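Student: Fold the following and give me the result.
(chains A and B)
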There are 2 protein chains.
Amino acid sequence: MSDWLDEIKWDADGLVPAIAQDAGSGRVLMFAWMNRESLRLSAEEGRAVYWSRSRGKLWRKGEESGHVQRIKEMRLDCDADVVLLSIEQVGGIACHTGRESCFYRRFEDGRWIEADAVLKNPDEIYA
Amino acid sequence: MSDWLDEIKWDADGLVPAIAQDAGSGRVLMFAWMNRESLRLSAEEGRAVYWSRSRGKLWRKGEESGHVQRIKEMRLDCDADVVLLSIEQVGGIACHTGRESCFYRRFEDGRWIEADAVLKNPDEIYA
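Tutor: Residues are numbered from 1 along each chain as shown, chains lettered A, B, ... in the order given. A predicted model of the protein is given here:
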């Protein structure tokens, strides 16, 4: 049964945007893309599996860093073309820069300022 | 000064994905797209202005429904290609279906179920 995958309105590249939100804090942690297989695997494995557009392959979030995203809930929007994941972020770090969230720059006085601290050196994460 | 707009990595269509999150509840309310002008106007006017891909024009969220999104904070992700808005949702309804959030379908037992109530009849919203 994969009717639920047929309900998704995949874009011209066969992808759908995916937003990952921390189930505890509610913080939006990252944004990535999924193809049909990655969304199916996310549901089956209970962890976020994305499609890396730059590398052109499946990306099991945390496969190198250990920063796996355990899925608590998946939601679909009204147009069936965006997926929202409520996740538990293993290690408390979603961003490859070593920060909790990829959205660490805040708009202030006409510029983007770095508002969040680096929790772990990326060299250590990807050693 | 619009250097901050130059920092955005616009896609091939000159767009960037934008996520709107309720500043109070932390709930993710909707996902839309922005072009350069709509992001500039969002910052200037302090309300969410998107680019409607289907209509091919600027979309001041709430222009018909009254469900304006007042911007409390704007953030940019690590790749500078996704914008996150923390907003106050006027009327408490972001979705054109009359629900608080566009993400009202939850994945459960292999299917998408409607998990959230309609707060206001769309016919009344767009009368």
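
Student: CA atoms for contacts and neighbours, from now on please.
Tutor: Fine.

Student: Output the set of residues of chain A in proximity to chain B.
Tutor: Counting by Cα under 8 Å from any Cα of the partner chain, chain A comes close to chain B at A:1-4, A:26-27, A:30-31, A:73-78, A:82, A:84, A:95, A:97, A:102-107, A:110-112.

Student: Just the buried ones among those, please.
Tutor: A:26-27, A:30-31, A:73-78, A:82, A:84, A:95, A:97, A:102-107, A:112 (16 or more other Cα atoms under 10 Å in any protein chain shown).

Student: A:Leu85 against A:Ile19, yeah?
Tutor: Yes: judged on Cα atoms under 8 Å, A:Leu85 makes contact with A:Ile19 at a distance of 6.0 Å.

Student: Could you list the low-pLDDT ranges of chain A?
Tutor: Scanning chain A for pLDDT under 70 picks out A:1-2.

Student: residue contacts, the residue lying closest to A:Ala80 once chain neighbours are set aside?
Tutor: What sits nearest to A:Ala80 in space, not counting adjacent residues and going by Cα to Cα, 6 or more residues apart in numbering or on different chains, is A:Ile8, at 5.2 Å. Going by Cα atoms under 8 Å, 6 or more residues apart in numbering or on different chains, A:Ile8 touches A:16, A:80-81.

Student: now, which of those residues sits nearest A:Gly56?
Tutor: Closest approach to A:Gly56 among the contacts of A:Ile8 (Cα to Cα): A:Val16, at 14.6 Å.

Student: Report back the residue of chain A that's furthest from centre.
Tutor: Here chain A reaches farthest from its C-alpha mean at A:Asp109, the gap being 29.0 Å by Cα atoms, centre = their mean.

Student: Centre of the chain to stretch A:31-48, how far?
Tutor: Remark: stretch A:31-48 is offset 10 Å from the chain centroid, using Cα atoms, centre = their mean, to the nearest Å.

Student: What are the buried residues along that stretch?
Tutor: For stretch A:31-48, the neighbour count (16+ other Cα under 10 Å) marks A:31-36, A:38-43, A:46-48 as buried.

Student: And the strands in chain A, which stretches?
Tutor: A:15-22, A:28-35, A:49-52, A:57-60, A:69-76, A:83-89, A:105-108, A:111-114 (DSSP state E).

Student: Scan chain A for its longest helix.
Tutor: Secondary structure of chain A per DSSP state H: the longest helix is helix A:36-45.

Student: tell me the angle of that one relative to strand A:83-89?
Tutor: 50 degrees (axes from the mean of the first three to the mean of the last three Cα atoms, to 10 degrees).

Student: quick one: helix A:36-45 to strand A:15-22, angle?
Tutor: Using the same axes, to 10 degrees: helix A:36-45 against strand A:15-22 is 30 degrees.

Student: do you know how far the closest residue to A:His67 other than its chain neighbours is from chain B?
Tutor: Spatial nearest neighbour of A:His67, excluding adjacent residues (Cα to Cα, 6+ apart): A:Val90 at 5.0 Å. Distance of A:Val90 to chain B, computed by Cα to the nearest Cα, to the nearest Å: 19 Å.

Student: now A:Gly14
Tutor: 17 Å.

Student: which residues touch that residue?
Tutor: Residues in contact with A:Gly14, defined by Cα under 8 Å, 6+ apart, are A:35-36.
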